[in-house]
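>>> Based on what follows, work out the 3D shape:
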Amino acid sequence: LTGLNEAFVVDRATRDRLIAEHPSSEEILKPFLRGRDVKRWQVNFGEQYLIKIESSENKNHPWSGKPDKEAEKAFAQTYPSIHAHFEPMREALIKRYDQGKYFWELRSCDYWKAFQEPKIIYPDIYEHQSFAWDASGFYSGNTTYFIPTNEMWLVALLNSSLIEWFYSQISNKVRGGYMRAFSDYMRQIPIPPATPQQQKEIETLVTRILTAKKANPAADIHKLEREIDERVYKLYGLKAEEVKIVESASSSAKATADTSRKATQTKGGGPDE
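Next up is the predicted model:
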C-alpha cells in the first residue's frame, strides 16, 4: 500500500521526465505491476513505475533521523525532481495513513528484497488460474500477491485444472464467478512430492509456454497445458474416474463463468482491478 498511488505510481512518460530532470530519480523508479497486469503464465507490463522510497525504518537515507524540516531539505537535495513531483500533492501525502517515518516515504515493509528475487505472482481476483513467473524483479501493489521461490515448476502446478478445481472447492466466489486469492485459502493447497526429474520435466513445459507467449501473446498453448494437467494428475495419484470428475467440473465452471462474465459486461460491471 502506498497510501496515494497518484503520487507514487507514474507512467513511462513521467518516469522519463523525472530522470531527465535529475538522474538520481532512476535509482528509485521501479517497474510496477497492478492486478490487471498479471496474466496466466506471464505478466503484461503496463509501463507503470513505483517511486520506491523505503521507510527510514527499513533503510538509512541521507535524511533519516533528522528533524522534519532538515530531513525534507536533505530529501530535496538527494532527489530534487521527485521532491518537486510530490509538492502539488503535499497535503494528501501528509494526511495519508500508510507512510514511513516521513511523509515522502512508503510504509515500512519487511520483504522489500523479496520483490527483486524470482517469484510466482498472481492477482487478488481472477476468473481462471492466473499464476505468472517473474524473474525480472517487478514490484507490485496490494491487488497482487506473490510467492518467493526458485521452483518454476510450481507455476504449472498452480495453473493446472486440478488445482483450479480444488481451489474452487475451498474458496468463495465473487460476482461474475471470479475467485479471490486469499492466503488462508492458498496455504491449503497440498503440494505433492515430485522428484527432481519430474520437476525438471514440468519446468521445461513452463519454459516452452513462456517462450511461446513472449513471441506471441495469443499463442496456442493448449497442448502444453494439457500435458501439464496429465503430469499433475499423476503427481497426485488420481484415478481415471477422479480425473473425469475434475474435468467435468472444470468444463461446467468455465461455461458458467463465461455466461456470468458476459452478463456482467453487459451491465457494465466487473471485478475491481
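>>> Distance check, Glu242 against Thr195.
Distance, Glu242 to Thr195, by C-beta to C-beta, to the nearest Å: 22 Å. Using the backbone N, CA and C atoms, a C-beta is placed for each residue, glycine as well.
>>> quick one, which of those two is more surrounded?
A count of neighbours by other C-beta atoms under 10 Å puts Glu242 above the other of Glu242 and Thr195, at 13 against 9.
>>> Could you say which helix or strand holds that one?
Following DSSP states H and E, one finds Glu242 within helix 240-266.
>>> avg pLDDT for that helix?
Helix 240-266 carries an average pLDDT of 68.
>>> what does stretch 18-35 give?
The pLDDT scores in stretch 18-35 average 97.
>>> do stretch 64-76 as well
97.
>>> do stretch 180-192 as well
The pLDDT scores in stretch 180-192 average 89.
>>> Could you export stretch 190-203 as PDB, CA atoms only?
Taking C-alpha atoms only, stretch 190-203 is exported to PDB below (Å, rounded to 0.1, in the frame of the first residue of the first chain):
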ATOM      1  CA  PRO A 190      -1.400 -29.500  -0.900                       C
ATOM      2  CA  ILE A 191       2.000 -29.700  -2.800                       C
ATOM      3  CA  PRO A 192       2.600 -33.300  -4.000                       C
ATOM      4  CA  PRO A 193       6.000 -35.000  -3.700                       C
ATOM      5  CA  ALA A 194       7.800 -34.700  -7.000                       C
ATOM      6  CA  THR A 195      11.200 -36.000  -7.900                       C
ATOM      7  CA  PRO A 196      13.900 -33.600  -9.300                       C
ATOM      8  CA  GLN A 197      13.400 -35.200 -12.700                       C
ATOM      9  CA  GLN A 198       9.600 -34.700 -12.600                       C
ATOM     10  CA  GLN A 199      10.100 -31.100 -11.500                       C
ATOM     11  CA  LYS A 200      12.600 -30.500 -14.300                       C
ATOM     12  CA  GLU A 201      10.200 -32.000 -17.000                       C
ATOM     13  CA  ILE A 202       7.400 -29.800 -15.800                       C
ATOM     14  CA  GLU A 203       9.600 -26.800 -15.700                       C
END
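>>> outside of that stretch, which residues touch it?
Contact partners of stretch 190-203, identified using C-beta atoms under 8 Å, 6 or more residues apart in numbering, comprise 151-154, 156-157, 228, 231, 235-237.
>>> Please state the offset of it from the chain centre?
Computed by C-alpha atoms, centre = their mean, to the nearest Å, the chain-centroid distance of stretch 190-203 equals 24 Å.
>>> for stretch 52-61, same thing?
Averaging C-alpha positions (C-alpha atoms, centre = their mean) puts stretch 52-61 22 Å from its chain's average.
>>> How about stretch 127-137?
Distance of stretch 127-137 from the chain centroid (C-alpha atoms, centre = their mean) equals 7 Å.
>>> just stretch 24-40 next, same as before
Mean-position distance between stretch 24-40 and its chain equals 10 Å (C-alpha atoms, centre = their mean).
>>> And for stretch 90-104?
For stretch 90-104, the separation from the chain centroid amounts to 25 Å (computed by C-alpha atoms, centre = their mean).
>>> start to end distance for it?
9 Å (C-alpha to C-alpha, to the nearest Å).
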